[in-house]
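*Asks:* Here is a sequence with its predicted model. Questions after.
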Amino acid sequence: MSDSLVGLFPDLLPVGGVQAAGRHTATVLSRIALELGWEAQFLSLNDPVGHHKAATDNREFEFKGFDRSKSRFTLEALKIAHKGTRLVVAAHPNLAVPASAMRARSRGFQLIVMSHGVEVWHPLGKLRRGALLRADCVLAPSRYTAQKLHEIQDLPIERIRVLHWGLDPAFFEMVGVADTLPLPDSIPRARYVLAVGRWSSAERYKGFDTLIQALPKLQRIAPDLHLVFAGEGDDRPALERLAESVGVRERTHFVSGLTRAQLVATYRHADVFALPSSGEGFGMVFLEAMALGIPVVGGNHGGVPDIIEDSISGFLVQHGDVPKLAERVALFLTNSALAGDIARRARERVLQHFRFENFEARLRDVLAQVCPGTRTP
């Protein structure tokens, strides 16, 4: 029976930062397995039933979906665990539970669990926390989440590694042609501040409401300014009512269903990207805006300070501080030299630290430390 590695993922097909990090992880694992002559098997809990393919950086991998069936997913995980299993990567803390159960069949493997942010910022239930504590290593996308794993989940510091996510190579390809991409008809032909993310009543920490409240202040210095919110979610009616109440409903645009090319064009034409969130485990949308040379304003919380260096590669503000948010956005709108300098430094920061290549190198290093058998020549 050949050596193998197993990856357990929440989902891999949808668009999103967690899903992109999962695809990047599966790509690196599949490369390592190929280099070592190991078998690689990937299971996805929430993707449609059946076998699927995905790719990153021209490397294709296969995985099996279970359409949210936890029982069938767990049974399959137990089935593929055997004496030759050397490494299991659970790409979400919830998946540490079936990964731990796999050890009843194959006790010799090393277990790495990936965390993403808010799901570990509060105490986990007994079962999930116990499974997390049995991991040989837990990955965090930011220093803040690493701190919470230690303080809230009682994980020993020596078993925590910070692994920043990286931008997808395909996104960089579109960055190269961004100026040629047409702006969607739904985007105003005027100056606008852009925010990208889910408008969910369960995720009001994103700060869309504070952007709406800041718009009247910003219109005093930029009368033609609009807000563009790209995403989807059930909180749109509440946000529309708020925009109506402060007199900016006609200047607030909710845009859904954009293709990746349309989203890149929307980023490219924005004057400022702002998402004053208090709950980002990392913040892939900031990397996207920064890669396109758009000045950014983010919340001084969670994983965002790992991306944005305040007043160097962007601005950070406290969640809910409407006057400070308006002040920082206004600086970018009124001082083109400052906006250009900070945007240039932000783009350089992404290119130096947050590419897929950086992610792959860091992940390979962690894997080699935790499971020396995965070290390749």
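*Replies:* Cool, got the structure.
*Asks:* Now do the strands in the stretch 151-300 of the chain.
*Replies:* Using DSSP state E, counting those that start in this stretch, the strands of the stretch 151-300 of the chain run over 160-162, 192-196, 226-230, 252-255, 272-275, 296-299.
*Asks:* Need the winner for burial among those.
*Replies:* Highest mean neighbour count among those (mean count of other C-beta atoms under 10 Å): strand 296-299, with a mean of 28. Backbone N, C-alpha and C define where each C-beta goes, glycine included.
*Asks:* Give the other helices and strands that it contacts.
*Replies:* Counting contacts by 3 or more C-beta pairs under 8 Å, 6 or more residues apart in numbering; DSSP states H and E, strand 296-299 is packed against strand 272-275, helix 284-291, strand 315-317, helix 322-334.
*Asks:* that older thread, including distance to Lys83 and mean pLDDT, could the strands of the stretch 151-300 of the chain go into TSV?
*Replies:* Shown next, in TSV, are these (distance: least, C-beta to C-beta, whole Å; pLDDT from 0 to 100):
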stretch	distance to Lys83	mean pLDDT
strand 160-162	27	98
strand 192-196	46	98
strand 226-230	49	98
strand 252-255	52	98
strand 272-275	47	98
strand 296-299	47	98
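*Asks:* returning to what we had before: need the helices and strands packed on strand 296-299 in TSV with distance to Asp179, can you?
*Replies:* Below are these laid out as TSV (distance: least, C-beta to C-beta, whole Å):
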stretch	distance to Asp179
strand 272-275	17
helix 284-291	14
strand 315-317	25
helix 322-334	20
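*Asks:* Format the strands of the stretch 151-300 of the chain as TSV; extra columns: distance to Ile342.
*Replies:* Shown next, in TSV, are the strands of the stretch 151-300 of the chain (distance: least, C-beta to C-beta, whole Å):
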stretch	distance to Ile342
strand 160-162	25
strand 192-196	15
strand 226-230	20
strand 252-255	25
strand 272-275	11
strand 296-299	8
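*Asks:* Out of these, the one nearest Glu288 is which?
*Replies:* Closest approach to Glu288 among those is made by strand 192-196 (7.6 Å; C-beta to C-beta).
*Asks:* List the neighbouring strands of the closest one plus their orientation.
*Replies:* Take DSSP bridges as the rule and strand 192-196 pairs in its sheet with strand 226-230 (parallel), strand 272-275 (parallel).
*Asks:* Would you mind pulling the contact partners of that strand?
*Replies:* With contact meaning C-beta atoms under 8 Å, 6 or more residues apart in numbering, strand 192-196 is reached by 206-208, 211, 215, 218, 225-231, 253, 263, 266-267, 269-275, 285, 288-289, 294, 329.
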